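# Sequence and predicted structure below; questions after.
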Amino acid sequence: MARVVVDVMLKPEILDPQGQAIARKLPQLGFEGITGVRQGKRFEVEVDGPADAAALGRVRKIAETLLANPVIETFELRVE
Amino acid sequence: MSPARVGVITFPGSLDDRDAARAVRIAGAEPVPLWHADHDLQGVDAVVLPGGFSYGDYLRAGAIARFAPLMAELVPAAHAGLPVLGICNGFQVLCESHLLPGALLPNAGLHFVCRDQRLRIDNVATAWTSEYAKGQEVVVPIKNMDGCFTADAATLAELESSGRVVARYLDVNPNGSLGDIAGITNEAGNVVGLMPHPEHAVESLTGPTTDGLGFFTSIVKRLVNA
């Protein structure tokens, strides 16, 4: 069994009010020097068998179809 | 003559299916309840996707409802010309299904917005807006968390130049929508998505106005004349 991690992020040009709210809070908490925060989603997909090309292809298809909305988001895969 | 039959889909988590059915009835058509897990549109003449929180808005609003069995029937039917109106969560489902362009993001202010909202109807050529006058101002409730309409610059320019913005927010933009967009239509004008709720403004007893009724009388008139 292997784990494939899918990171989904809003495209850079898409407004991220949640990330902005987090960033605005940081100075009040004493964290200085932070110029921006973007919030994304992490999915851990467990695959049956090794994370070979076929399995990665399957997870990529899942990410394109359901996990990310290509209109507003991009995604990256990695094997963990 | 038998009345037009307008289907209203219920997904797990739909809230406004009853109000949508009631609006259809008040407009003079027969509401037909449709269940998300069925594969049958029951021969309806038009379909409303109601507001609510289908599948709890998990993943993204509308992202899971898009893959409901009934949607596999609805998408090709909409491409073939079946009139479809998506309200609030229904609009989100239509965008996720790619029946409409763009996407709906969390409100820019991160608050759930619930109030009576003034709108201007900018496109009266769609299947759902023919009973309005171009530029008519209406007041209907809006209530949502993810109502910020977004599309890339090319899509937005195309929506504007082709007159596919159906309704715009007046006075105040409640959610950060680009171009103050409250609703859009597809190229053919049979599919309309709307963030505010016309089905809550069809009777003076329960609504702030009866301004929303026009969406439903428009489709009834179209179906009767078809």
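Looks like it came in fine. Residues are numbered from 1 along each chain as shown, chains lettered A, B, ... in the order given.
# And the helices in chain A?
A:17-25, A:53-62 (DSSP state H).
# and those helices as CSV, adding distance to chain B and mean neighbour count?
Bear in mind the C-beta positions are built from the backbone N, C-alpha and C, glycine included. Shown next, in CSV, are these (distance: least, Cβ to the nearest Cβ, whole Å; neighbours: other Cβ atoms under 10 Å in any protein chain shown):
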stretch, distance to chain B, mean neighbour count
helix A:17-25, 5, 14
helix A:53-62, 12, 14
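# Adding distance to residue B:50 and mean pLDDT, write those helices out as JSON lines.
Putting these into JSON lines (distance: least, Cβ to Cβ, whole Å; pLDDT from 0 to 100) gives the following:
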{"stretch": "helix A:17-25", "distance to residue B:50": "26", "mean pLDDT": "94"}
{"stretch": "helix A:53-62", "distance to residue B:50": "28", "mean pLDDT": "96"}
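# Kindly state the pLDDT recorded for residue 37?
Since no chain was named, I'll use chain A. For residue A:37, the pLDDT comes out at 97.
# Please refer instead to chain B.
97.
# And for residue B:1?
64.
# for the one 4 residues further on, same thing?
Reported pLDDT at residue B:5 in the predicted model: 97.
# what's the distance between it and chain A?
32 Å (Cβ to the nearest Cβ, to the nearest Å).
# likewise residue B:31?
Distance from residue B:31 to chain A, by Cβ to the nearest Cβ: 31 Å.
# Could you do residue B:194 as well?
From residue B:194 to chain A the distance is 18 Å (Cβ to the nearest Cβ).
# Can you say which helix or strand has the nearest residue to that residue once chain neighbours are set aside in it?
Using Cβ to Cβ, 6 or more residues apart in numbering or on different chains and skipping residues adjacent in sequence, the residue nearest residue B:194 is residue B:183, 3.7 Å away. Here residue B:183 sits within strand B:181-185, counting by DSSP states H and E.
# which secondary structure element contains residue B:73?
helix B:69-79.
# Which residues does that helix contact?
The contact list for helix B:69-79 (Cβ atoms under 8 Å, 6 or more residues apart in numbering or on different chains) reads B:9, B:34-41, B:47, B:65, B:82, B:84, B:93, B:97, B:99, B:186, B:190-191.
# what about 10 Å?
Here helix B:69-79 makes contact (Cβ atoms under 10 Å, 6 or more residues apart in numbering or on different chains) with B:7, B:9-11, B:34-42, B:44, B:47, B:49, B:65-66, B:68, B:82-84, B:93-94, B:96-100, B:186, B:188, B:190-191.
# Give the next helix or strand downstream of that helix.
strand B:84-87.
# For that following strand, what is the distance to the chain centroid?
3 Å (Cα atoms, centre = their mean, to the nearest Å).
# one step back: each with direction, which strands does the strand holding residue B:183 pair with?
strand B:165-169 (antiparallel), strand B:191-194 (antiparallel) (DSSP bridges).
# okay, how far is it across stretch B:131-151, tip to tip?
28 Å (Cα to Cα, to the nearest Å).
# How far does that stretch sit from its chain's centre?
Distance, centroid of stretch B:131-151 to centroid of chain: 9 Å (Cα atoms, centre = their mean).
# and if you look at stretch B:195-203?
For stretch B:195-203 - counting by Cα atoms, centre = their mean - the centre lies 10 Å from the chain centre.
# Check the separation of the first and last residues in it.
19 Å.
# what is the orientation angle of the lengthiest helix in chain B with strand B:181-185?
If you go by DSSP H, chain B has its longest helix at helix B:213-225. Between the axes of helix B:213-225 and strand B:181-185, defined by axes from the mean of the first three to the mean of the last three Cα atoms, to 10 degrees, the angle is 10 degrees.
# So which elements touch helix B:213-225?
Contact here means 3 or more Cβ pairs under 10 Å, 6 or more residues apart in numbering or on different chains; DSSP states H and E; on that basis helix B:213-225 packs against strand B:5-10, helix B:17-26, strand B:46-49, strand B:84-87, strand B:137-144, strand B:191-194.
# Would the fourth one count as contacting chain A?
No. Under the criterion of Cβ under 10 Å from any Cβ of the partner chain, strand B:84-87 makes no contact with chain A; the nearest approach is 15.7 Å.
# near chain B, which residues of chain A?
Residues of chain A lying near chain B (Cβ under 10 Å from any Cβ): A:8, A:10-11, A:13-18, A:20-21, A:41, A:43, A:65-73.
# In ChimeraX, select just the buried ones from these.
Buried residues among these (16 or more other Cβ atoms under 10 Å in any protein chain shown), as a ChimeraX selection:
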select /A:8,10,14,15,16,17,18,20,43,66,67,68,69,71,72,73
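# any idea how far the closest residue to chain A within chain B lies from residue B:86?
Going by Cβ to the nearest Cβ, chain A is nearest to residue B:103 of chain B, at 4.5 Å. Taking Cβ to Cβ, to the nearest Å as the measure, residue B:103 falls 13 Å from residue B:86.
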